[in-house]
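Undergrad: predicted model, plus sequence, below.
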Amino acid sequence: MSQLVQMKIRIPEGLKAFIEDEAKKNVSSQNSEVVRCIRSAMKKLGAEEAATSPRPGHSNSLQGESR
């Protein structure tokens with residue numbers, strides 16, 4: 001499994017509420033919902049490969065994210 005890294009972020013209160021609601025609706029973690037949204041945005045931008053493949057020289061990726 002790829003190494004996962006932590007990242008602390010600050011988000012507006014309404015966005016946090018949205019993430020919480022989506023996690024409940026999808027029976028998943030809030031972290032999984034954030035990763036899902038980022039992957040979706042990357043796919044729309046044509047960066048689908050970047051969403052599932054580690055960058056050269058880096059062992060981490062979004063792959064293998066778990067609840």
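TA: That came in fine, so what should we check first? Numbering: from 1, shown residues only.
Undergrad: the host helix or strand of residue 32 - contacts with which helices or strands?
TA: Assigned by DSSP states H and E, residue 32 belongs to helix 30-44. Applying 3 or more C-beta pairs under 8 Å, 6 or more residues apart in numbering; DSSP states H and E, one finds that helix 30-44 contacts helix 13-25, helix 48-52. The C-beta positions use only the backbone N, C-alpha and C, and glycine is treated the same way.
Undergrad: which of those helices has the lowest mean pLDDT?
TA: Within the helices and strands packed on helix 30-44, confidence is poorest for helix 48-52, with a mean of 61 (mean pLDDT).
Undergrad: what's the neighbour count on residue 35?
TA: Neighbourhood size, residue 35 [other C-beta atoms under 10 Å]: 18.
Undergrad: got a pLDDT number for it?
TA: 93.
Undergrad: do residue 4 as well
TA: 88.
Undergrad: show me which residues of the helix holding residue 32 are buried.
TA: 32, 33, 34, 35, 36, 39, 42 (16 or more other C-beta atoms under 10 Å).
Undergrad: ok so, going back, out of the helices and strands packed on helix 30-44, which gets nearest to residue 3?
TA: helix 48-52 (15.0 Å; C-beta to C-beta).
Undergrad: now flag whichever of the buried residues of helix 30-44 is closest to residue 24.
TA: residue 33 (9.6 Å).
Undergrad: so the closest one sits against residue 21, correct?
TA: No - at 9.1 Å, residue 33 does not count as touching residue 21 under the criterion of C-beta atoms under 8 Å.
Undergrad: burial of residue 25, as a residue count?
TA: 9.
Undergrad: and the gap between it and residue 5?
TA: Applying C-beta to C-beta, to the nearest Å, the value for residue 25 to residue 5 is 27 Å.
Undergrad: and for residue 18?
TA: 24 Å.
Undergrad: more crowded one of the two?
TA: A count of neighbours by other C-beta under 10 Å puts residue 18 above the other of residue 18 and residue 5, at 14 against 9.
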